[in-house]
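A.B. asks: Dropping a prediction and its sequence here:
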Amino acid sequence: MPHTRLVLSFVGAACFLSSLTAAAPPAADPCVNVAGKTFVPPADALACYKAFPFNETLRQNVLTNVARVFDFFTFEDYYLKSPPPFQESTVNIRATIARLNSTKYATDYDFSKELYDFTTQLNDGHTRWFPDCYNAYQNVLPAPPITIAVNGVQGVFIAFDSVEFISQLGTAYTSYFDGIGFDWKRLQGAKVLRIEGQDPYAYVDTIAKTVSGNYLDHGVRVNSVFTSYRVSGTDFSQRLGDLAGPLDVTKNSITFKLIPVNSTVAETVTVPFLANFLGAPFSDKASFWAANCAANGATNGVDLKATQENTKEGLTRRHAKGDIIDKSNSNAIALPPRFIPSLPPAPGSGGVIKSFVLPGNKTGVMFVGSFGGDFDGFQADVVSAVTAFKAAGVSQLLIDLTNNGGGFVCLGHFLHQYLSGSKIGYPGFISSVRANPLAQKIVAADIALGLTSFTSFYTGDNYAFLNGTQIPANFNYINPSAPFIVNGRSDPTSQRFHDTCEFFFSQPVPVNPPFDLKKVAIVNNGNCASTCAMFSTLMNERHSTKIAVFGGKPGENVEFKGMAGNQVLEWVDLDTEIKTAGVKDDPLAPPDLLVSANFRHNWRTAWSFFDVNKPIAYVSELPLLRFPYTKDTYNNPQNLWTFAYVCFETFLRDFEIGNSVTSGIESVLEAQEHPTLEDLAVPVLPTPATRTPNPTENITSQPPTLKFPSPDKEFHLNYPAAVQESRSRKMSIFSHNKAPASNNRLDMLPHLRAALLSVGKILDSRDEDSDDESGDEKDRDGVDCLPGKANFPLKTRMSRHWLREKQGRRWEETDYESILNTLRSL
């Protein structure tokens with residue numbers, strides 16, 4: 001019986017607690033040393049953690065729970081061989097659980113820490129084990145690092161605002177360093193040469209691989225290592241970063257080799273950590289366990305049927321969430337005042353959205369710090385901001401998603417549809433859940449019990465058929481299941497469906513976009529998770545929105561989306577689904593946890609428009625532009641926005657020129673039955689049909705190809721315009737189906753030259769009044785808009801070359817010959 005099991009669970013926890021309290025006399029209690037203190041040395045916090053001996057009963061309880069929750073995890077089989085560029089996240093989940101079950105541990109902490117590290121290194125912020133007992137302390141380093149470009153060269157530095165930033169922790173933190181005679185303030189702005197004896201970026205890579213978690217893409221996790229601005233709650237904040245603020249106390253210090261400001265001499269400095277207590281108050285070992293470690297009334301789920309019967313009239317629909325958990329938000333540090341935007345905030349800036357109009361009233365900025373918070377308030381704030389922008393004459397929109405950890409799935413849909421207009425139709429992704437046997441039993445039980453979306457996320461009325469019609473609550477969409485194969489394993493899913501978010505928006509959505517979508521752009525640092533990742537992917541896949549990512553490691557790609565799963569279920573949510581359906585006694589059901597913890601998981605899959613058989617989480621989508629942070633733009637959102645909108649204007653002009661030229665070239669090539677323009681950028685190869693594959697060949701050296709399956713009837717009906725146009729465009733750009741007339745590319749030059757000469761006349765007339773701007777990579781206000789590493793399409797790289805070559809004069813025939821040389825060299 002479920003209630004009996006719950007009682008026994010707490011009895012077991014109580015017995016374990018009594019054994020702990022009797023294990024050692026009070027004088028030997030290491031938790032007494034840290035009780036009541038906000039900041040303590042990490043070694044002292046670790047000693048308290050390790051005061052609890054390993055307990056086999058707890059291991060079996062936890063691992064049984066974890067193993068059975070993994071049955072619902074949508075991406076489990078992808079981890080057997082994660083596709084590039086996400087290979088780093090490859091692991092056999094079941095084999096790892098078996099290893100954890102057979103390993104000998106000295107303490108409960110040792111076991112839980114290894115489980116925590118394992119789930120963290122899945123790099124899926126939706127799917128992690130969070131033990132409250134051992135997430136009670138966060139290490140804080142008084143020297144948070146950043147990566148910026150100085151004189152065009154990227155490097156690692158101690159943050160230039162570290163004194164102002166860290167001092168906000170108060171004397172409880174800073175007095176510790178005064179007491180040991182350590183001058184941490186002089187490290188501000190120092191150039192970092194080595195970290196723990198390694199190249200700084202190599203050490204950052206290590207932290208990204210082992211500590212950061214949350215994001216599949218390694219490049220995104222690199223940005224997570226560094227300190228950066230964000231919105232925490234409803235306020236501007238600064239995140240410590242995963243190097244300076246890990247949720248871990250195993251390191252006591254970090255050794256840097258660095259050159260302080262106003263010095264030319266390198267020195268080696270060992271910087272101590274201090275651990276910040278984030279948990280519930282305690283006085284000793286027994287009370288620490290009772291307050292932070294033992295299961296409590298909020299740990300496990302409940303049967304909502306009783307709630308439904310008792311409060312039918314007061315029920316509200318639950319909103320699906322897609323977010324990551326950042327424990328540092330519980331004790332967030334404010335962004336130093338000098339970095340908070342000085343512009344007057346626009347209406348609708350009191351919540352998680354901060355909106356501003358940049359000087360000149362041409363560009364509006366929406367810094368969307370989260371898709372969480374007040375569900376209806378978020379929608380009202382969007383409407384207020386856009387209304388204010390239109391009244392001010394704003395014609396282009398910049399959306400900042402930096403460190404947006406996600407939130408309500410439907411708020412991502414709302415923002416997408418509000419900016420795109422209701423005429424686009426369904427504003428979300430096609431979705432599905434894993435059709436494991438227990439999930440099928442839950443849906444069948446929900447139907448038999450007459451449950452609805454007010455009490456279950458599994459009932460059909462949460463969703464809609466692909467034609468937009470809401471699914472009835474008594475429709476079984478998971479049985480029969482849809483066959484699906486992942487890495488050679490059968491992994492059936494439910495039928496695919498839509499969300500029903502637009503049925504429940506609290507604000508009306510305009511029919512047409514409030515701004516020209518070509519003049520909407522997105523900036524972030526890649527740390528854009530879950531609902532944020534889905535929103536930015538929707539904007540990219542359906543509207544080709546221009547996206548720029550700041551930061552990252554030099555020479556390494558950074559995706560614009562962090563973790564793009566879909567709806568996440570916390571353990572308490574899944575357990576509530578199971579208990580409400582009345583299947584808690586099923587042998588497949590996870591047991592109630594005996595410890596205060598949360599094993600959350602990615603419960604739904606969002607399928608890409610580019611490939612309807614691939615989750616968006618595993619579609620590599622690079623930003624159009626990459627920029628390093630500089631002294632002016634790191635942690636300074638207003639400066640970054642000003643820089644970004646100037647550069648996006650420049651890019652729009654460049655892209656228009658490049659598009660005009662390449663369209664002219666391709667029309668000539670089509671007439672001459674030559675390969676398309678993209679073929680000129682790579683060695684001419686035989687067509688795929690006649691080419692003999694070489695098993696040892698590096699496939700990344702081949703021309704890019706994109707395959708789009710023929711859309712089924714319902715998919716085509718719902719997405720006739722945007723998707724098909726996007727597919728057609730990409731098929732045109734990346735087509736390799738025409739056999740070249742000759743393997744000698746020089747044969748094409750006369751045709752190219754003729755095309756360029758004809759298109760040049762259009763360009764000269766278009767650029768006649770703007771020669772003063774187009775000849776220099778430094779655009780208005782002296783902003784250098786040529787990225788150090790940009791993911792430009794070929795046409796844009798070509799137009800960049802032309803802008804550099806033109807240098808304020810009219811084009812001549814020698815320019816076209818130079819362009820042809822560029823085409824051959826790209």
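C.D. replies: Received, thanks.
A.B. asks: Give me the secondary structure label for the spatially most central residue of the chain.
C.D. replies: Relative to the mean C-alpha position of the chain, the nearest C-alpha, by C-alpha atoms, centre = their mean, is the one of G562, at 2.1 Å. Classification of G562 using DSSP: H, G, I helix; E, B strand; the rest coil returns coil.
A.B. asks: Can you verify my assumption that it contacts G219?
C.D. replies: No: with contact defined as C-beta atoms under 8 Å, G562 and G219 do not form a contacting pair (10.1 Å). C-beta: built from backbone N, CA, C; applies to glycine.
A.B. asks: Which neighbours do these two have in common?
C.D. replies: The contact sets of G562 and G219 overlap at G526 (C-beta atoms under 8 Å, 6 or more residues apart in numbering).
A.B. asks: picking up where we left off before, show me what contacts the residue nearest to the centre of the chain?
C.D. replies: 125, 214-217, 220, 324, 526-530, 532-533.
A.B. asks: 6 Å instead, please
C.D. replies: By C-beta atoms under 6 Å, 6 or more residues apart in numbering, the residues touching G562 are Y215, V220, G526, N527, C528, A529, A533.
A.B. asks: Going by residue numbers, what spans are helices in the stretch 501-650 of the chain?
C.D. replies: 531-543, 571-580, 637-671 (DSSP state H, counting those that start in this stretch).
A.B. asks: weakest of the ones you listed by average pLDDT?
C.D. replies: When the helices of the stretch 501-650 of the chain are ranked by mean pLDDT, helix 637-671 comes last with a mean of 68.
A.B. asks: buried stuff in stretch 475-482?
C.D. replies: By 16 or more other C-beta atoms under 10 Å, the buried positions in stretch 475-482 come out as F475, N476, Y477, I478, S481.
A.B. asks: Quick one: the contacts of G562 as JSON lines, columns for neighbour count and distance to F339 too.
C.D. replies: Listed next are the contacts of G562 as JSON lines, based on neighbours: other C-beta atoms under 10 Å; distance: C-beta to C-beta, whole Å:
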{"residue": "Y215", "neighbour count": "30", "distance to F339": "24"}
{"residue": "V220", "neighbour count": "30", "distance to F339": "23"}
{"residue": "G526", "neighbour count": "29", "distance to F339": "20"}
{"residue": "N527", "neighbour count": "32", "distance to F339": "18"}
{"residue": "C528", "neighbour count": "31", "distance to F339": "20"}
{"residue": "A529", "neighbour count": "31", "distance to F339": "23"}
{"residue": "A533", "neighbour count": "35", "distance to F339": "25"}
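A.B. asks: Out of those, which is nearest to V271?
C.D. replies: N527 (24.1 Å; C-beta to C-beta).
A.B. asks: pretty sure that closest one is touching F226, no?
C.D. replies: No: with contacts counted by C-beta atoms under 6 Å, N527 stays clear of F226, the gap being 10.0 Å.
A.B. asks: and E267, bridged to which residues?
C.D. replies: L258 (DSSP bridges).
A.B. asks: Is there a neighbour count for it? I'd like the number.
C.D. replies: For E267, the count of nearby residues is 12 (other C-beta atoms under 10 Å).
A.B. asks: pLDDT below threshold where in this protein?
C.D. replies: 1-27, 307-315, 651-826 (pLDDT under 70).
A.B. asks: Point me to the helix or strand that includes A346.
C.D. replies: Assigned by DSSP states H and E, A346 belongs to no helix or strand.
A.B. asks: which residues sit in contact with it?
C.D. replies: S355, F356, A385, A388.
A.B. asks: Adding distance to I158, write the contacts of G562 out as a markdown table.
C.D. replies: Shown next, in a markdown table, are the contacts of G562 (distance: C-beta to C-beta, whole Å):
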| residue | distance to I158 |
| --- | --- |
| Y215 | 24 |
| V220 | 23 |
| G526 | 22 |
| N527 | 20 |
| C528 | 26 |
| A529 | 27 |
| A533 | 30 |
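A.B. asks: Nearest to F497 among the residues you listed?
C.D. replies: A533 (20.0 Å).
A.B. asks: before we move on, back to that, most neighbours among the contacts of A346, which one?
C.D. replies: A385 (26 neighbours).
A.B. asks: I figured it hits G348, correct?
C.D. replies: Yes: in this structure, A385 is within contact of G348 by C-beta under 6 Å, at 4.1 Å.
A.B. asks: what touches both of those two?
C.D. replies: S355.
A.B. asks: Can you give me the buried ones in the helix or strand containing T64?
C.D. replies: Per DSSP H and E, T64 falls inside helix 56-69. Neighbour-count burial for helix 56-69, counted by 16+ other C-beta under 10 Å, picks out L58, R59, N61, V62, L63, N65, V66, A67, R68, V69.
A.B. asks: now for it, which elements pack on it?
C.D. replies: Using 3 or more C-beta pairs under 6 Å, 6 or more residues apart in numbering; DSSP states H and E as the contact test, no helix or strand touches helix 56-69.
A.B. asks: okay, the angle between the following helix or strand past it and helix 56-69?
C.D. replies: Next helix or strand after helix 56-69 toward the C-terminus (DSSP H and E): helix 93-102. For helix 93-102 against helix 56-69, the angle by axes from the mean of the first three to the mean of the last three C-alpha atoms, to 10 degrees is 170 degrees.
A.B. asks: Show residues contacting helix 93-102.
C.D. replies: Counting by C-beta under 6 Å, 6+ apart, L63, A67, E76, Y79, F118 sit against helix 93-102.
A.B. asks: For that helix, C-alpha coordinates in CSV please.
C.D. replies: C-alpha atoms of helix 93-102 as CSV (Å, rounded to 0.1, in the frame of the first residue of the first chain):
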residue,chain,number,x,y,z
ILE,A,93,23.8,4.7,-18.0
ARG,A,94,22.7,1.3,-16.9
ALA,A,95,26.3,0.0,-16.6
THR,A,96,27.2,3.1,-14.5
ILE,A,97,24.3,2.4,-12.1
ALA,A,98,25.5,-1.2,-11.8
ARG,A,99,29.0,0.1,-11.0
LEU,A,100,27.7,2.5,-8.3
ASN,A,101,25.8,-0.4,-6.8
SER,A,102,28.9,-2.6,-6.4
